[in-house]
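J.: build me a structure from this.
(one chain, ligands or ions: 1)
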Amino acid sequence: MQSVRVLRLDGALNPRSALAIRPLDPEALEGSKGAITMFSVLVTRRLPVAVVTRLEEHCAVEMHRGEVPLSPEELRERLAEKDAVIVLLPDRIDRLALDAATRLKIVANVAVGYDNLDVGHARAKGVVCTNTPDVLTDATADLTWALILDVTRRVSEGDRLARAGNWKGWTFEFMLGSGLQGKQLGIVGGGRIGRAVAVRAAAFGMRVAVASRKDPVWPSSEYMPFDRLLATSDVVSLHVPLSRETRHLIDQPALARMKRTAFLVNTTRGAVVDEAALAWALREHLIAGAALDVFEQEPEFHPDLARLENVVLSPHLGSATRETRTAMADLAVSNVLAVLAGKPPITPIQ
Ligand code: GLV
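T.: Have a look, this model is predicted:
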């Protein structure tokens, strides 16, 4: 038996929820005044309290508090009676999970990338899928620049050396890196994050080339075919979503096309790069270095990468600021509340 409760409308705009960037419109629920079913929502990982409180004002919330993600079986079991689910990247909402969730109306992904969702099957079942674009653009672009600067100026490598007690003092040619001024930053992918990375390039005096399926109109950037961008860029930064077409986009031939002095930076999805091919290219000095925030089988990565000094490894921190993660969770909650109120989602996956 489903619980039958009166949905309180006066809490929809909760003054305590200062973080609510898109509060639920109380009007949207007005039509169903009287006794209506209390919606049941699964949250697969701990989210900020203020954000969850907003959800709890309208729904029965079941939140998985453990550090280890729910197994596919547990996820299916918990989804069975839920009207909505808020998921994180490690959770796979595949065909089996969707088929197990007979009441599900929305899958709200707390990420901009959604390769963890079977969006086609969800659509066929009438389940709305949403993601969290825009709110993480700046944080991810900033992290991309942190990696570009780190790998070209050897910051992490120097940190390791200093901590190991191997710094013998300042010398003229010690740990020389590569300057960025006047060089070319090649951005693969014409979306929001690529653009935000391009905008920041001016501060470092870099020219920007962009390769994308559509010809993006970005200020002060030159559109280039992918192969030419690879062959001419000093830093190649990846900003395409993972799909069948982009899986292993950076493979052996692509790496062999890059300049020997060039750096590869990946802050999108690990599988856009063939990690074994990258380890080979780095061992063979086909490129100068790489900085990676994402990996093919997170949290694992190719063992050679950890042995190479000219690689920066960052544990998927693209959107990892307090402000950004809170905004992402808040947007996911807003999407859930909108859909459960019978309104269009705010950021649907098209
Ligand atoms: C993070 O990787 C995201 O897609 O938001």
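J.: how about the longest helix along the chain and the ligand, touching?
T.: Secondary structure of the chain per DSSP state H: the longest helix is helix 322-340. No - Helix 322-340 lies out of reach of the ligand by CB under 6 Å from any ligand atom, never closer than 7.1 Å. Backbone N, C-alpha and C define where each C-beta goes, glycine included.
J.: residues in this structure within reach of the ligand, list them.
T.: 89, 111-113, 136, 318-319.
J.: report the two of these separated the most.
T.: Farthest-apart pair in these is 89 and 136; separation 11.9 Å (CB to CB).
J.: out of these two, which sits in the more crowded spot?
T.: residue 136 (25 against 18; other CB atoms under 10 Å).
J.: residue contacts, that one?
T.: 112, 318-319, 324, 327-328 (CB atoms under 8 Å, 6 or more residues apart in numbering).
J.: of all pairs in those residues, which one is the farthest apart?
T.: Taking CB to CB, no two of the contacts of residue 136 sit farther apart than 318 and 327, at 13.8 Å.
J.: could you check how far residue 104 is from residue 56?
T.: Here the criterion is CB to CB, to the nearest Å. By it, residue 104 lies 19 Å from residue 56.
J.: per-residue pLDDT, the closest residue to residue 100 other than its chain neighbours?
T.: In space, and not counting its chain neighbours, residue 100 is closest to residue 76: 4.0 Å by CB to CB, 6 or more residues apart in numbering. Listed pLDDT for residue 76 reads 97.
J.: following the strand or helix carrying residue 76, which helix or strand shows up next?
T.: Taking DSSP states H and E as the criterion, residue 76 maps to helix 72-79. Going down the chain from helix 72-79, the next helix or strand is strand 84-87, by DSSP H and E.
J.: list of residues touching that next one?
T.: By CB under 8 Å, 6+ apart, strand 84-87 touches 39-44, 47, 55, 59, 79, 93, 101, 104-110, 116-117, 329, 332-333, 336, 339-340.
J.: can you pull the buried residues of the following helix or strand past that strand?
T.: Scanning forward in sequence from strand 84-87 by DSSP H and E, the next helix or strand is helix 95-100. Using 16 or more other CB atoms under 10 Å as the test for burial, helix 95-100 gives 97-98, 100.
J.: what does stretch 284-299 give?
T.: 286-296.
J.: one more: stretch 259-278?
T.: Buried, per 16+ other CB under 10 Å, within stretch 259-278: 259, 262-275, 277-278.
J.: looking at the residues you listed, which are in strands?
T.: 263-266 (DSSP state E).
J.: redo the residues you listed as CSV? Include distance to residue 254 and pLDDT.
T.: Output for these, formatted as CSV (distance: CB to CB, whole Å; pLDDT from 0 to 100):
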residue, distance to residue 254, pLDDT
263, 14, 99
264, 9, 99
265, 14, 99
266, 12, 99
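J.: want to throw these into JSON lines with distance to residue 245?
T.: Formatted as JSON lines, these follow (distance: CB to CB, whole Å):
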{"residue": "263", "distance to residue 245": "24"}
{"residue": "264", "distance to residue 245": "19"}
{"residue": "265", "distance to residue 245": "20"}
{"residue": "266", "distance to residue 245": "16"}
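J.: the ligand: which of the residues you listed is nearest?
T.: For these, the residue nearest the ligand by CB to the nearest ligand atom is residue 266; the value is 11.2 Å.
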